[in-house]
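Peer 1: sequence and predicted structure are below.
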Amino acid sequence: MKQKIILDVDTGFDDAVALLLAGHHPALELAAVTVCHGNAPLAVTVENTRRVLAAGGLGHVPVYAGAERALVAPPLKTDPLQHHRFDLPPAARPLERQRAAEFLIDYYLSPAGPETVLVPLAPQTNLALALRLEPRLAERCPRLVTMAGAYLEGNSTPSAEFNILADPEAAHIVFTAGWPLTMVGLEVTAQAYVTPADLARLRALGTPWAALAADIFEPHLRWWQTEMNWPGGQIYDACAVAAVVDPALLTTKPMHVDIELGGAFTRGRTVADAIGWHRQPANVDVGVGLDRERFLAVLLAGLQ
Ligand code: RIB
Ligand code: CA
């Protein structure tokens, strides 16, 4: 039986690849998509989500718009490469009328809820709003696999990863809700770099969704090579989806993780008791290792 999955996204080049992977991998059933502010203002992330789904043969998947702003934090400056609407035709399917938080509550209280893994790939505002409205969400959702955080070094600041820093108060609500939470952070997404040779294998699959994923990722791959001198580029959000398909590609360690809400230099940090010296109860399974070949196998199998 296929694993039902809901993605919460801020599309975004890597969210786009994650959507195509979740929608086409034979082991998954993409039940719905909720959208948050993040990489760009909500109007752009919603439009990009709908265009990617339509162009990627997933026009049947319902899309719910969520929060325009973080709970408290001001909007972050984001990568200008991410600000434009994708050059793809508009979607035919209308946006759902219900807002993301209300949809998540209704869905997870329905019989399908306990069978559906939630995959947050954006600032966690929609999830926090839903949890505050309906705390039973944390009992009904069987598992979250989120691309968020870093237990060593962030990408928005040396302390903080983008999805957490964009709404630390929301992340605090999500990380303390008591549900089974797997964190796919920057330490493991960095191990899943995708090289030009991998991109060529993706294109060679010959499907429209593989071509779309490759077209969207390619300028970012060039950025990783020229600006960061890496052998390949990260497709952060696709790592979380791949870890739902094949949990063994991710090595995890249970840790106590707090979200830093103050701090002159450390706001938004996922403060992890990584070694376990402090003997606090673990609330997160933190990704500490990723098998790149297994990740690529899931990506290629999903987009073929
Ligand atoms: O830090 C990486 C995350 O921030 C990804 O989810 C990416 O889409 C950006 O939003
Ligand atoms: Ca994202």
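Peer 2: Perfect, thanks for sending it. Ligands and ions are numbered 1, 2, ... in the order given.
Peer 1: only C-alpha atoms from now on, for both contacts and neighbour counts.
Peer 2: Fine.
Peer 1: how about the residues of the stretch 51-200 of the chain near ligand 1?
Peer 2: 121-122, 147, 161-163 (CA under 6 Å from any ligand atom).
Peer 1: repeat that with 8 Å
Peer 2: In this structure, the stretch 51-200 of the chain approaches ligand 1 at residues 121-123, 147-149, 155-156, 161-163, 186, judged by CA under 8 Å from any ligand atom.
Peer 1: confirm A130 sits in a strand?
Peer 2: No: assigned with DSSP: H, G, I helix; E, B strand; the rest coil, A130 falls outside any strand and is helix.
Peer 1: rewinding a little: which of the residues of the stretch 51-200 of the chain next to ligand 1 come close to ligand 2?
Peer 2: 121-122 (CA under 5 Å from the ion).
Peer 1: can you redo the residues of the stretch 51-200 of the chain next to ligand 1 as CSV with pLDDT, secondary structure and neighbour count?
Peer 2: Shown next, in CSV, are these (pLDDT from 0 to 100; DSSP: H, G, I helix; E, B strand; the rest coil; neighbours: other CA atoms under 10 Å):
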residue, pLDDT, secondary structure, neighbour count
L121, 98, coil, 29
A122, 98, coil, 29
P123, 98, coil, 30
M147, 98, strand, 28
A148, 98, coil, 28
G149, 98, coil, 30
N155, 96, coil, 14
S156, 97, coil, 17
E161, 98, coil, 23
F162, 97, helix, 23
N163, 98, helix, 25
L186, 98, helix, 23
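Peer 1: is there proximity between the helix or strand containing V33 and ligand 2?
Peer 2: Assigned by DSSP states H and E, V33 falls within strand 28-35. No: using CA under 5 Å from the ion, strand 28-35 never reaches ligand 2; the gap is at least 9.8 Å.
Peer 1: list of residues touching that strand?
Peer 2: 2-11, 22-23, 42, 45-46, 49, 61-67, 100, 126, 245 (CA atoms under 8 Å, 6 or more residues apart in numbering).
Peer 1: which single residue of the stretch 201-304 of the chain ends up nearest ligand 2?
Peer 2: D237 (5.9 Å; CA to the ion).
Peer 1: distance check, I6 against G23.
Peer 2: Distance of I6 to G23, given as CA to CA, to the nearest Å: 10 Å.
Peer 1: tell me which of those two has more neighbours.
Peer 2: G23 (24 against 21; other CA atoms under 10 Å).
Peer 1: neighbours of the spatially closest residue to that one that is not a sequence neighbour, just the number please.
Peer 2: Spatially, and ignoring its direct neighbours in sequence, G23 is nearest to L30 (5.3 Å; CA to CA, 6 or more residues apart in numbering). By other CA under 10 Å, the residues close to L30 number 24.
Peer 1: just the C-alpha atoms of the strand holding V33, please, in PDB.
Peer 2: Extracted in PDB, the C-alpha atoms of strand 28-35 (Å, rounded to 0.1, in the frame of the first residue of the first chain):
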ATOM      1  CA  LEU A  28       3.800   7.500  -2.100                       C
ATOM      2  CA  GLU A  29       0.400   9.000  -2.400                       C
ATOM      3  CA  LEU A  30       0.500  12.800  -2.300                       C
ATOM      4  CA  ALA A  31      -2.800  13.600  -0.600                       C
ATOM      5  CA  ALA A  32      -2.600  17.300  -0.400                       C
ATOM      6  CA  VAL A  33      -0.200  20.300  -0.300                       C
ATOM      7  CA  THR A  34      -0.300  23.200   2.100                       C
ATOM      8  CA  VAL A  35       1.700  26.400   1.400                       C
END
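Peer 1: can you name the next helix or strand after it?
Peer 2: Using DSSP H and E, the helix or strand that follows strand 28-35 towards the C-terminus is helix 42-55.
Peer 1: quick one on the thing from earlier: does the residue of the stretch 201-304 of the chain closest to ligand 2 touch L121 like I think?
Peer 2: Yes: contact criterion CA atoms under 8 Å: D237 and L121 qualify, at 5.9 Å.
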